[in-house]
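Colleague: below are the sequence and a predicted model; questions follow.
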Amino acid sequence: MPLALELAGVDFAYPHGPPVLRRVDLRVEAGEFLAIAGPNGGGKTTLLRLALGLEQPTHGAVRLFGELADRFRERPRLGYLAQRSQLGVQAPATVREVVAAGRAPLRPFGRLDRADREAIDEAVERVGLAGLASRPLTRLSGGQQQRAFIAKALVAGPRLLALDEPTAGVDVSAQEALAELLGELHGELGVTILYVSHEFGAIEHVVERLVLVRERIVYDGPTSSLPGLWHDPSHVHV
Amino acid sequence: MFEFEFMRLAFLAGAVVGVLAPVVGFFLVQRQLSLIGDGIGHVAFAGVALGYLIGVSPVWTALLAAVVGAVVIEWLRARRKAAGDQALAIVFYTGIAGGVVLISAAGALNANLFSYLFGSILTVTRTDLTRIALLGLGSLLLIAVLLRSLLAVAIDEEGARVSGLPVPILNGAVSFLAALTIGISMRIVGILLIAALMVLPVIAAQRVAWSLRSTMGLSVVVGLSSVLAGLTISYYANLPPGGTIVLTATGFFLVAASFEALRARV
């Protein structure tokens, strides 16, 4: 079985900018729950964007399930929650409408069919928003909005779920509830999860492996073996 | 007023425009590109002027110019040659300047030009109606086919890109549809005011709507009502229909904004 994600000797810099990542090697098995943390500007979001094929490495190779990331053919099976994920539309989109958008890559044309509707109902229920499916997102809390976007990322049956700063702007109890939800999803669906955050306290008890990034990978292992000071990633130094 | 054929033609053409403009405008507003219609409209003005200069029907040259303007705006945005508002500004000012130069060269600064800028209920011919109906219904059909994908991009463009939707093509399709809408609506609403009919019904509707579906539905109701009421006022008050239609849409917006404010207090 191919690795879910492999970065081999990856360097990256934005045009005319300083290096963001240098000599990054990372291998993620299918079904792993991996947290990628580090200080702001350390390159963790860039690493995720490289993994999803949104950026091209200046050196090295990035592979998703054995294929080069930018040519990955099963893109509809990539669930993604972007940083500071907010509703793109100004109109009052309901939870159901947002989640339905996650089915479009599977079948881009025509009306929703029965399989779509069942998948939407299941995803909405899985994130605990069944009673709020017809409510506009603007009338939900930050934590509930994040759950709606996670349902959208789940609704196409992803092989890989990538979340970029999913707890930004939500309160502590919502962060803990989100960690619990992700732990359940990982256990029940066996989906590979990449969780990027500048802090990982909320998910420390559900994540299997932690990678700390500061231009390079400076730590790769279980959270239990992490040096005490580095539990606050702003203190991570090479 | 329906005893006159020109009014029957204007109402039929207006009905198509009243439905199409808000539907296309819905996606422009969601992408925060409400002013793109103005940019394309000003390029269409250059197209009208070109038509006068070379002796071709200005309707067709305006339509062509609008599509070229839309392509240029999308190209500038997609290649990140310029930020969205800068891309619009470049096309906007180049269009109006080019139009002024060409219209002067053609010696066509006359009342007929005025009808292209602000619409006219007297000028819709049977040929115009056929063109408006075919292109309008074709545009609505294209939107119906692409609706799921267009909504997915509007809701989460980055997520749509990751999951493999052809985002640049879908964004290009919206700009192309905006250009078509401007091209076919200019006889009724006028080049300088059609952008308002694309935007005002949508921003009115989303103040009182409860979902994306209801926003789109209410936008169409407001757009169609504005066109039909505006044409009627235009007929009886002898005013340019572009102005009366857009002012009616503004009235709907004020009612919706008042309703929203009232609802917030209760």
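Modeller: Thanks, I have the structure now.
Colleague: every contact and neighbour count from this point should use C-alpha atoms.
Modeller: Noted.
Colleague: list phi and psi for B:D156.
Modeller: B:D156 has phi and psi values of phi -160, psi 90 when expressed as degrees, to the nearest 10.
Colleague: give the burial count for it, as a bare number.
Modeller: Residues contacting B:D156 under the criterion other Cα atoms under 10 Å in any protein chain shown number 23.
Colleague: try B:E260
Modeller: For B:E260, using other Cα under 10 Å, the count is 16.
Colleague: do B:L151 as well
Modeller: Around B:L151 there are 23 residues (other Cα under 10 Å).
Colleague: for the strand or helix carrying it, packing partners?
Modeller: If you go by DSSP states H and E, B:L151 is part of helix B:126-155. Packing partners of helix B:126-155 (3 or more Cα pairs under 8 Å, 6 or more residues apart in numbering or on different chains; DSSP states H and E): helix A:95-101, helix B:5-30, helix B:157-162, helix B:167-185.
Colleague: using the three-state scheme, assign A:G79.
Modeller: Following DSSP: H, G, I helix; E, B strand; the rest coil, A:G79 is assigned to strand.
Colleague: and the contacts of the longest helix seen in chain A?
Modeller: If you go by DSSP state H, chain A has its longest helix at helix A:172-189. Under the contact criterion Cα atoms under 8 Å, 6 or more residues apart in numbering or on different chains, helix A:172-189 has outside partners A:31, A:33, A:127, A:143, A:147, A:167, A:191-193, A:202-203, A:206-207.
Colleague: buried sites along the helix holding B:L151?
Modeller: B:128-129, B:132-133, B:135-137, B:139-140, B:143, B:146-155 (16 or more other Cα atoms under 10 Å in any protein chain shown).
Colleague: stretch A:136-150 now?
Modeller: Across stretch A:136-150, burial judged by 16+ other Cα under 10 Å covers A:136-137, A:142-150.
Colleague: before we move on, the earlier item: partners of the helix or strand following the longest helix of chain A in the sheet?
Modeller: Moving toward the C-terminus from helix A:172-189, the next helix or strand (DSSP H and E) is strand A:192-197. Next to strand A:192-197 in the sheet, as set by DSSP bridges, lie strand A:33-37 (parallel), strand A:160-164 (parallel).
Colleague: after strand A:192-197, next one along is what?
Modeller: Next helix or strand after strand A:192-197 toward the C-terminus (DSSP H and E): strand A:209-214.
Colleague: next, the angle strand A:192-197 makes with that following strand.
Modeller: Here the directions of strand A:209-214 and strand A:192-197 differ by 40 degrees (axes from the mean of the first three to the mean of the last three Cα atoms, to 10 degrees).
Colleague: ok, and what's touching the next helix or strand after strand A:209-214?
Modeller: Scanning forward in sequence from strand A:209-214 by DSSP H and E, the next helix or strand is strand A:216-221. Contacting residues not belonging to strand A:216-221 are listed as A:21-25, A:209-213, A:226, A:238 [Cα under 8 Å, 6+ apart].
Colleague: neighbours around B:R187, how many?
Modeller: 30.
Colleague: kindly calculate the angle that the helix holding B:L151 makes with helix B:5-30.
Modeller: Using the same axes, to 10 degrees: helix B:126-155 against helix B:5-30 is 10 degrees.
Colleague: the closest residue in space to A:Q56 that isn't next to it in sequence: how many residues sit nearby?
Modeller: Excluding its sequence neighbours, the residue lying closest to A:Q56 (Cα to Cα, 6 or more residues apart in numbering or on different chains) is A:L50, at 6.2 Å. By the criterion of other Cα under 10 Å, A:L50 has 21 neighbours.
Colleague: do you know the pLDDT at A:L50?
Modeller: On the pLDDT scale, A:L50 is placed at 92.
Colleague: and what of B:G138?
Modeller: Looking at B:G138, the pLDDT reads 93.
Colleague: now do B:F11
Modeller: pLDDT, B:F11: 90.
Colleague: dump the residue contacts of A:V98.
Modeller: A:V98 sits next to A:148-149, A:152, B:152, B:155 when contact means Cα under 8 Å, 6+ apart.
Colleague: out of those residues, what pair is the most spread apart?
Modeller: In terms of Cα to Cα, these reach their longest pairwise distance at A:A148 and B:A152, which sit 14.0 Å apart.
Colleague: related to what we said a few turns ago, the residue nearest to A:Q56 looks like it's in a helix, true?
Modeller: Yes. Under three-state DSSP, A:L50 sits within a helix.
Colleague: hmm, it is touching A:A61, no?
Modeller: No. Counting by Cα atoms under 8 Å, A:L50 sits too far from A:A61 to count as a contact (9.5 Å).
Colleague: can you show me the CA trace of stretch A:23-36 as CSV?
Modeller: What follows is stretch A:23-36, C-alpha atoms only, in CSV (Å, rounded to 0.1, in the frame of the first residue of the first chain):
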residue,chain,number,x,y,z
ARG,A,23,15.4,19.6,2.9
VAL,A,24,12.1,18.3,4.3
ASP,A,25,11.6,14.6,4.3
LEU,A,26,8.3,13.3,5.6
ARG,A,27,6.5,9.9,5.2
VAL,A,28,2.9,9.6,6.3
GLU,A,29,1.2,6.1,6.3
ALA,A,30,-2.4,5.8,5.2
GLY,A,31,-4.7,6.1,8.2
GLU,A,32,-2.3,8.1,10.4
PHE,A,33,-3.4,11.1,12.4
LEU,A,34,-0.6,13.6,12.1
ALA,A,35,-0.4,17.0,13.7
ILE,A,36,1.9,19.6,12.0
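Colleague: quick one: it to chain centroid distance?
Modeller: How far stretch A:23-36 lies from its chain's middle: 12 Å, per Cα atoms, centre = their mean, to the nearest Å.
Colleague: who touches that stretch?
Modeller: Contacts for stretch A:23-36 (Cα under 8 Å, 6+ apart): A:2-11, A:44, A:186, A:190-197, A:200, A:207-213, A:216-217.
Colleague: buried ones among the residues you listed?
Modeller: A:4-11, A:44, A:186, A:191-197, A:200, A:207, A:209-213, A:216-217.
Colleague: quick revisit: chain center to the longest helix of chain A: distance?
Modeller: 13 Å.
Colleague: ok, now stretch A:168-175?
Modeller: Per Cα atoms, centre = their mean, the centroid offset for stretch A:168-175 relative to its chain is 16 Å.
Colleague: that stretch: which residues count as buried?
Modeller: For stretch A:168-175, the neighbour count (16+ other Cα under 10 Å) marks A:168, A:170, A:174-175 as buried.
Colleague: one more: stretch A:128-138?
Modeller: A:128-129, A:132-133, A:135-137.
Colleague: ok, it near chain B or not?
Modeller: Yes. Stretch A:128-138 is in contact with chain B by Cα under 8 Å from any Cα of the partner chain, via A:135-136.
Colleague: what are the contacting residues of that stretch?
Modeller: Here stretch A:128-138 has contacts from A:87, A:92-96, A:121, A:124, A:144-145, A:147-148, B:210-211, using Cα under 8 Å, 6+ apart.
Colleague: ok, stretch A:117-124 next?
Modeller: Against stretch A:117-124 from outside (Cα under 8 Å, 6+ apart): A:95-96, A:99-100, A:130, A:133, A:148, A:151-152, A:154-156.
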